[in-house]
Every structure is written in C-alpha cells, then in structure tokens.
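1. what would the 3D arrangement of this be:
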Amino acid sequence: MFRYFRNLFSGNKNVEKANNQSEGNGTKQTVDNEKTHKSKAFCNDEGLSVEHANGSIESALWDEIIKISVITTDQGPFADDVFLVLFKEGKGVLIPSEAEGYNEVYERVSKFDGFDFQKYIDSMSSTINQEFICWERRKSI
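-> Next up, the predicted model:
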C-alpha cells in the first residue's frame, strides 16, 4: 500500500509506515505505529497541518492547494484504506480517513468552488488502489 503513496508523492518519506526500534536485547523490534496511534489533522483560516502517527508533520496553506484527491487502497478494512490528499507544488498533505480532525478538513475543502461531490461519494465504495480527483485549481490564462 505505501509503495503506492511513495510513487504518488515521488519519494515523500512522510507517507511511509513508521518503525520503532527497541534496543532491549540488541535486536530490532518493528512496531506499526499506525495501528497503535492515530494521525491528527488541524485546520484554521490559513491552512492545515497533519501530525502523523510516526511523528512527521505535513502542512499547507489553503491558497497553496492545487488539487484535492481521495486515494483508496485495497488494504481495508483492517488498515486505513481511504486518504484525503491535498496537493501543493511538488508535495501533498495526506490525511487518513481515521485521523482525528479528518471531518473538519473535509468540511473545509468540500466548500472549494467546483468540488466534485460525486467523485467523493464514488471513492467511498472503492476497494482498489485508485485516485479520485475531487477538485483542481483552474489555471490562469
């Protein structure tokens, strides 16, 4: 699943699974933080930030957003498989649907002029690796 996001973001390491290493007996123990902690999304009038379970933080100002997509994966229902992605130049902000604050971010972006609600609705029934583009900034002439 995360290979899909790495390809989507061209190597953005913020979307990779976090690994904790314990030094207890000299062996490395891998813990999937995304199953034990949730990401948290925060938004205000200027923009948003997301603190991921692995401690990484992504952020964007609202006027930097050039595309809004819903990305679905085939990893559900036991792993988060729906992500709201707000793209800005060269990067994106990934918000898992299970993140605290997801609904507040959705409420904000769904008010962008021209937001495609049908694409959002269609994404909620997807069980495959797919991108649903819900909004794109219109290019200036």
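2. would you map the helices across the protein?
-> 2-8, 33-36, 102-109, 117-123 (DSSP state H).
3. lowest-confidence stretch among the ones you listed?
-> Note on these: lowest mean pLDDT is at helix 33-36, with a mean of 43.
4. output the lowest mean pLDDT helix or strand found in the protein.
-> Between all helices and strands in the chain, the lowest mean by mean pLDDT, DSSP states H and E belongs to helix 33-36, at a mean of 43.
5. residue contacts, Leu48?
-> Ala41, Phe42, Ser59, Ala60, Trp62, Leu86, Val93, Val105, Arg108 (C-beta atoms under 8 Å, 6 or more residues apart in numbering). Just so you know, the C-beta spots here come from the backbone N, C-alpha and C atoms, and that holds for glycine as well.
6. weed out the non-buried ones from these.
-> Among the contacts of Leu48, the ones that count as buried by 16 or more other C-beta atoms under 10 Å are Ala41, Ser59, Ala60, Leu86, Val93, Val105, Arg108.
7. how near is the closest residue to the last one other than its chain neighbours to Gly76?
-> Leaving out its chain neighbours, the residue that sits closest to Arg108 by C-beta to C-beta, 6 or more residues apart in numbering is Cys43, at 5.6 Å. Using C-beta to C-beta, to the nearest Å, we find Cys43 at a distance of 25 Å from Gly76.
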